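K.L.:
Sequence isn't available, so here's the structure alone:
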DNA sequence: TGAGTCATGTAAGTTGTTACATGATTAC
DNA sequence: GTAATCATGTAACAACTTACATGACTCA
């Protein structure tokens, strides 16, 4: 059900196509949720059936037709009802790299360090991109009326990646000390 | 497939029952993976069919029978093959609270702060428990030969929760400043 | 010449969740 | 008496992933 509310939340700010929603997931929602485009299209269909959204198809000359979704009053009401009255579920993390880390004692130390270096690169890139995005969208910490949430979660993303990087450095140190002995 | 390797990794350290594996998930694996007991039992059955594990049933007088699983050579070989040669998947996060945070502009500021205070409590508790667990299992940063992974991931858990708490405090400040104006 | 963007989806398969079931024992 | 622990599972359903499909256009 949560994917549905993530989509309603985005639509409550701006009308959008399934494609655009998928892009927004990659840009901003990625800090706390993941979804494939196939999932998004399916959920949009279901929501329209239930009257939470409304769509109009727009013909385009050069590009394929697109379907623009808007949120309905019923959709917005249900979004608020969820936000205010539904219990908060526990977070669910699935991290493939950390799973490997938990078994580092089975592989050579150099190989383990390799994994961590790759992960550092990955998070360094993510950190740079998110920082740039935040500076462009919220210069000097200023945010628009309906942007508060995005501002807060983007800051979470930055801190999360910084904390990842610092942990990576710490773990590499531990492994190097172990390699010496 | 990753759940399978998480289980093989635990079994490579010690034989265990499905119940014990579920407990270990709650204690240590929780920092990077989640799974219900129903999923764990199902995966254990599949793994035995494929010869990756082997089980023996032990009768108990007072408690129900239990099935103790051990990893086979084939299982260990497959675990190493995965660790060393399979690409690392991107992490997947589903955080219900952050999803709500992303829509904080729709609800009253006091209510939003409330959510963050609850989350602080939750992470504070988790932090304390993990710290205590780490001190008991790795006093002064000393770890056994096959405990390296657990040591590294428990430290990740601690840093993760600390970073959560500091973000919560920051976000509450932002909201209070907004409430004043 | 191949990769990427725009734009939407179907179908099949794998995971993950929820509710239910058993039944004795121990702790508050 | 109510809940929790020990220990294992089935069944039904919901969510998620992967592979495939279309087809014009742009950029290196």
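P.N.:
Right, received. Where do you want to start? Predicted model only: the values in this text are computed from it and were never measured. Numbers count the residues shown, from 1 in each chain, chains lettered A, B, ... in the order given.
K.L.:
Domain ranges for chain A, per the record?
P.N.:
Per the record's domain assignment (automatic domain parsing), chain A is made up of the domains A:2-85, A:96-180.
K.L.:
do the helix ranked longest in chain A and chain B meet?
P.N.:
Taking DSSP state H as the criterion, chain A has its longest helix at helix A:148-180. Yes - using CB under 8 Å from any CB of the partner chain, we find that helix A:148-180 touches chain B at A:148-153, A:155-156, A:159-160, A:162-163, A:166-167, A:170-171, A:174, A:178. Placement of C-beta: from N, CA and C, glycine included.
K.L.:
buried subset of those residues?
P.N.:
The neighbour-count test (16 or more other CB atoms under 10 Å in any protein chain shown) marks A:148-153, A:155-156, A:159-160, A:163, A:167, A:171, A:174 as buried among the residues of helix A:148-180 next to chain B.
K.L.:
Within range of DNA strand D, give me the residues from chain A.
P.N.:
Chain A comes close to DNA strand D at residues A:1-3, A:34-36, A:38-39, A:62-64, as judged by CB under 7 Å from any atom of the strand.
K.L.:
could you redo the last one with a cut-off of 6 Å?
P.N.:
With the criterion set to CB under 6 Å from any atom of the strand, chain A comes near DNA strand D through A:1, A:3, A:34-36, A:38-39, A:62, A:64.
K.L.:
From the residues you listed, list the buried ones, please.
P.N.:
The buried subset of these - by 16+ other CB under 10 Å - is A:3, A:34-35.
K.L.:
Of those, which is the nearest to chain B?
P.N.:
Using CB to the nearest CB, residue A:34 comes nearest to chain B of those, at 4.9 Å.
K.L.:
Report how many residues lie close to the residue lying closest to the closest one once chain neighbours are set aside.
P.N.:
Spatial nearest neighbour of residue A:34, excluding adjacent residues (CB to CB, 6 or more residues apart in numbering or on different chains): residue B:92 at 4.9 Å. Using other CB atoms under 10 Å in any protein chain shown, residue B:92 has 14 neighbouring residues.
K.L.:
show me the contacts for residue B:92.
P.N.:
A:34, A:93-95 (CB atoms under 8 Å, 6 or more residues apart in numbering or on different chains).
K.L.:
Straight-line length of stretch A:129-147, end to end?
P.N.:
Terminal residues of stretch A:129-147 are spaced 19 Å apart (CA to CA, to the nearest Å).
K.L.:
tell me which residues of that stretch are tucked away?
P.N.:
A:130, A:133-134, A:137-138, A:143.
K.L.:
now swap in stretch A:59-70 and tell me
P.N.:
Neighbour-count burial for stretch A:59-70 flags A:66-67, A:69 (criterion: 16+ other CB under 10 Å).
K.L.:
Give me the subset of those residues lying in strands.
P.N.:
Of these, the ones assigned to strands by DSSP state E are A:66-67, A:69.
K.L.:
what's the least confident helix or strand in chain A, going by average pLDDT?
P.N.:
strand A:53-58 (a mean of 92; mean pLDDT, DSSP states H and E).
K.L.:
Buried residues, that strand. List them.
P.N.:
A:53-55.
K.L.:
ok, it near DNA strand C or not?
P.N.:
No - shown here: strand A:53-58 not in contact with DNA strand C (CB under 6 Å from any atom of the strand), separated by at least 7.9 Å.
K.L.:
Can you list the helices and strands that that strand packs against?
P.N.:
Contact here means 3 or more CB pairs under 8 Å, 6 or more residues apart in numbering or on different chains; DSSP states H and E; on that basis strand A:53-58 packs against helix A:37-49, strand A:66-71.
K.L.:
mind putting these in JSON lines, mean pLDDT included?
P.N.:
JSON lines is the format used below for the helices and strands packed on strand A:53-58 (pLDDT from 0 to 100):
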{"stretch": "helix A:37-49", "mean pLDDT": "96"}
{"stretch": "strand A:66-71", "mean pLDDT": "95"}
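K.L.:
CSV for the ones you listed, including distance to residue B:123?
P.N.:
CSV is the format used below for the helices and strands packed on strand A:53-58 (distance: least, CB to CB, whole Å):
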stretch, distance to residue B:123
helix A:37-49, 29
strand A:66-71, 32
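K.L.:
Dump those to a markdown table, plus distance to chain B.
P.N.:
Below are the helices and strands packed on strand A:53-58 laid out as a markdown table (distance: least, CB to the nearest CB, whole Å):
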| stretch | distance to chain B |
| --- | --- |
| helix A:37-49 | 12 |
| strand A:66-71 | 12 |
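K.L.:
hang on, the earlier thing: of all the domains of chain A, which one is nearest residue B:23?
P.N.:
Closest approach to residue B:23 among the domains of chain A (CB to CB): domain A:96-180, 15.8 Å.
K.L.:
check whether the closest one contacts DNA strand C.
P.N.:
No - Domain A:96-180 is not in contact with DNA strand C by CB under 6 Å from any atom of the strand; minimum separation 10.8 Å.
K.L.:
ends of that domain, how far apart?
P.N.:
End to end - CA to CA - domain A:96-180 spans 27 Å.
K.L.:
So what's the gap between that domain and the chain middle?
P.N.:
Taking the mean of its C-alpha atoms, domain A:96-180 sits 14 Å from the chain's own mean (CA atoms, centre = their mean, to the nearest Å).
K.L.:
pLDDT on it, on average?
P.N.:
Domain A:96-180 carries an average pLDDT of 96.
K.L.:
I figured residue A:127 hits residue A:162, correct?
P.N.:
Yes - using CB atoms under 8 Å, residue A:127 makes contact with residue A:162 at a distance of 6.5 Å.
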